[in-house]
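**Student:** A predicted structure for the sequence below; I have some questions about it.
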Number of protein chains: 2
Amino acid sequence: MYYIGIDIGGMSIKGGITDENGNILAKGSIVTKPYNPYRETVKDIAGLCKKLMAEAGITEADIKGVGMGIPGTINSQKGVITYSNNIHFENVPIVKEFRKYIDVPTYIGNDANCAALGEMVFGTGKGYKDAIFITLGTGVGSGIIIDGKIFEGKDGAGAEAGHMGIRIGGDKCTCGKRGCWESYASATALIRQTQRAMNRHPESLMHKVAAEHGKVSGRTAFIAARAGDKAALGVVNRYVKYVSEGLISLVNIFRPEILLIGGGISNEGDYFIKKLQRQVSLYSYGGRRNPYVKVLKASLLNDAGLLGAVALCVRH
Amino acid sequence: MYYIGIDIGGMSIKGGITDENGNILAKGSIVTKPYNPYRETVKDIAGLCKKLMAEAGITEADIKGVGMGIPGTINSQKGVITYSNNIHFENVPIVKEFRKYIDVPTYIGNDANCAALGEMVFGTGKGYKDAIFITLGTGVGSGIIIDGKIFEGKDGAGAEAGHMGIRIGGDKCTCGKRGCWESYASATALIRQTQRAMNRHPESLMHKVAAEHGKVSGRTAFIAARAGDKAALGVVNRYVKYVSEGLISLVNIFRPEILLIGGGISNEGDYFIKKLQRQVSLYSYGGRRNPYVKVLKASLLNDAGLLGAVALCVRH
């Protein structure tokens, strides 16, 4: 049996057909048209699926399930997109609409939650049951896995750990509140922190690194810090504290087996992950008396969205 | 059928026999002897149970289950107290030991978790499935109820929401970390905040209130604020922000149906609860698009521990 995974993003909608082990038989994508009526978009997605089935040489009867990962607040029980900022969907009964074209069991979930489940089924999280998955990207996304299942709160409106407060009265967040974790621990925030340190330290290697790469990015401070630049190391260590602050809160609340770190910044690898591990181990509640929580790098990379959507069906 | 609830505290161990509706047939207590070997303490608890059974005119055969609420880290699966600071227990197989005396199904849980479940089964939480229960007392305790069941993390080492960080690098907490919610939102913290405001405002009514009560307490600022004292109102409103900061994080993570507020400070009633509700409604993620989360006062009061322990059996 085969599965279809759909990864709906603000720029493109990716689709793929896989077997139950996550091996990809065919994949492709279409451009997201965020201002199209939803019926058009769903029709386009169904078209993509049919094209991929033809490519893989299979029919609807071979498909055990379709999974879709979608940014925003998703009511997975009802199969309805409550609200998605990126694709301008509000109260869209996407499952019902999609099954007009391809009538197989179809599951939807928030994209970060799907990515978390994907890691559990096909990635670093294999063999674990309880995990928190954090993506450090434009924002801070979170997926919570309890006993092998996605936890998403009432009507899918929870699991927004990026909006925990870590500094009361701090920087204003896009959500309207001040001091959210996301305002300090996202890649966007790291770039801001890097830029500020560069302004204070005209002698720092970060200027040369940024010039070479044509811009200040989430990598600038890390590259300069590895090369021994003091100001850059300051930025990195402070950023590690910001990220850890939220991770430790999540450990104290959930005490999962593992913390999975994904998103652009996770590519800094062991250098970054080990610093996080040190903070988490030092400051989690109860110290050594309580179970050790491992910090690990997520592994699915580019296919995370697609395999996450497939994982939705596999675990259903 | 009847149940026995045991509430183990640092000062006393309370016991009670109830029916399945939480009506108390008999109750009593013994003094906690924190430095006794655990076998002695368990023997004393069993003795209390036998006394209460005699009082209620029932025998072991009438008892469907025994529940025990215990402060600290409790491995409820294994029936072992991993660590309890207050009663100096470490790795104590309390269930096994207790059943040497009274051989009926026996369940243990962290006292805050039990209190949360008690509210769901017998108190304000009746009819709800998803709740976060917060006690504002010496510390900030938390109990997390998901789908009617206690969520406690691996080996019972989660649900320590009092140790979420709300001010990175802030006041030092007893747990070793800085800026924990508990350091700002506990009754202890409120007293500290009140004292500081009193030092700054020698004209404040708070001085008179404290003198009348013989001490500065968690009520001082509330009493003076209700009487129109400006400095006291400042203390109350700042304290409300501290409490709300953690509540909002918990809403963003769990999106429960209700937040239950217990502990000494909850006795400030509607005046306090309505202020919390306003903050939670204003600043929770997604605003009105997401399900409304009600803030409610817990209702079991003095029997919360005992009925919480009974709830452990009822829900098992």
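**Tutor:** Sure thing, it's come through. Quantities reported herein were computed from a predicted structural model and do not represent experimental measurements. Numbers count the residues shown, from 1 in each chain, chains lettered A, B, ... in the order given.
**Student:** residues in contact with A:Pro34?
**Tutor:** A:10, A:86-88 (CB atoms under 8 Å, 6 or more residues apart in numbering or on different chains). C-beta coordinates here come from the backbone N, C-alpha and C atoms, glycine included.
**Student:** Tell me where the model's unsure across chain A.
**Tutor:** Scanning chain A for pLDDT under 70 picks out nothing.
**Student:** in the lengthiest helix in chain A, what counts as buried?
**Tutor:** Criterion DSSP state H: the longest helix present in chain A is helix A:230-254. Using 16 or more other CB atoms under 10 Å in any protein chain shown as the test for burial, helix A:230-254 gives A:231-236, A:238-254.
**Student:** next one: stretch A:172-191
**Tutor:** Buried residues in stretch A:172-191 (16+ other CB under 10 Å): A:173, A:175, A:177-191.
**Student:** Same check on stretch A:91-110?
**Tutor:** So for stretch A:91-110, counting by 16+ other CB under 10 Å, buried means A:92, A:94-95, A:97-99, A:102, A:104, A:106-110.
**Student:** Quick check: phi and psi on the residue in the stretch 51-200 of chain A that chain B sits nearest to?
**Tutor:** Using CB to the nearest CB, the single residue of the stretch 51-200 of chain A nearest to chain B is A:Gly153, 3.0 Å away. For A:Gly153, the backbone dihedrals are phi 70, psi 170 (criterion: degrees, to the nearest 10).
**Student:** wait, what's in contact with the residue lying closest to A:Gly262 once chain neighbours are set aside?
**Tutor:** Among residues not flanking A:Gly262 along the chain, A:Ala298 sits closest, at 3.5 Å (CB to CB, 6 or more residues apart in numbering or on different chains). A:Ala298 makes contact with A:115, A:119, A:123-124, A:133, A:135, A:260-262, A:266, A:304 under the criterion CB under 8 Å, 6+ apart.
**Student:** What separation is there between the residue of the stretch 51-200 of chain A closest to chain B and B:Ile132?
**Tutor:** 11 Å (CB to CB, to the nearest Å).
**Student:** Looking at these two now, which is surrounded by more residues?
**Tutor:** Neighbours were counted for A:Gly153 and for B:Ile132 using other CB atoms under 10 Å in any protein chain shown; B:Ile132 has more, 28 against 23.
**Student:** Surely that one touches B:Pro256?
**Tutor:** Yes: at 5.1 Å, B:Ile132 counts as touching B:Pro256 under the criterion of CB atoms under 8 Å.
**Student:** Identify the contacts common to these two.
**Tutor:** Shared contacts of B:Ile132 and B:Pro256, counting by CB under 8 Å, 6+ apart, come down to B:145, B:250.
**Student:** now the buried residues of stretch A:91-110 in a markdown table, with distance to chain B?
**Tutor:** Conversion of the buried residues of stretch A:91-110 to a markdown table gives the following (distance: CB to the nearest CB, whole Å):
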| residue | distance to chain B |
| --- | --- |
| A:Val92 | 13 |
| A:Ile94 | 17 |
| A:Val95 | 20 |
| A:Glu97 | 21 |
| A:Phe98 | 23 |
| A:Arg99 | 26 |
| A:Ile102 | 29 |
| A:Val104 | 28 |
| A:Thr106 | 23 |
| A:Tyr107 | 19 |
| A:Ile108 | 17 |
| A:Gly109 | 15 |
| A:Asn110 | 12 |
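**Student:** So which of those belong to helices?
**Tutor:** A:94-95, A:97-98.
**Student:** From the residues you listed, pick the one nearest B:His201.
**Tutor:** Nearest to B:His201 among those is A:Ile94, at 57.5 Å by CB to CB.
**Student:** Show the contacting residues for the closest one.
**Tutor:** Contacts of A:Ile94 by CB under 8 Å, 6+ apart are A:38, A:42, A:68, A:70, A:79-81, A:108.
**Student:** One more pass at 6 Å, please.
**Tutor:** A:Ile81 (CB atoms under 6 Å, 6 or more residues apart in numbering or on different chains).
**Student:** how far away is it from A:Leu247?
**Tutor:** 33 Å.
**Student:** Could you do A:Pro105 as well?
**Tutor:** From A:Pro105 to A:Leu247 the distance is 35 Å (CB to CB).
**Student:** With A:Ile81 instead?
**Tutor:** In terms of CB to CB, A:Ile81 sits 29 Å off from A:Leu247.
**Student:** do the same with A:Val80
**Tutor:** 32 Å.
**Student:** same deal with A:Phe254?
**Tutor:** Taken as CB to CB, the span from A:Phe254 to A:Leu247 is 11 Å.
**Student:** just to revisit the earlier point, quick one: common contacting residues for A:Gly153 and B:Ile132?
**Tutor:** Contacts common to A:Gly153 and B:Ile132, judged by CB under 6 Å, 6+ apart, are B:Phe254.
**Student:** residues of stretch A:192-202 that come out buried?
**Tutor:** A:193-195, A:197-198, A:201.
**Student:** Could you verify that A:Ile87 is part of a strand?
**Tutor:** No: counting by DSSP: H, G, I helix; E, B strand; the rest coil, A:Ile87 falls outside a strand, being coil.
**Student:** quick one, strands of the stretch 151-300 of chain A?
**Tutor:** A:258-262, A:294-297 (DSSP state E, counting those that start in this stretch).
**Student:** Can you tell me which of those strands is nearest to A:Leu25?
**Tutor:** strand A:258-262 (24.4 Å).
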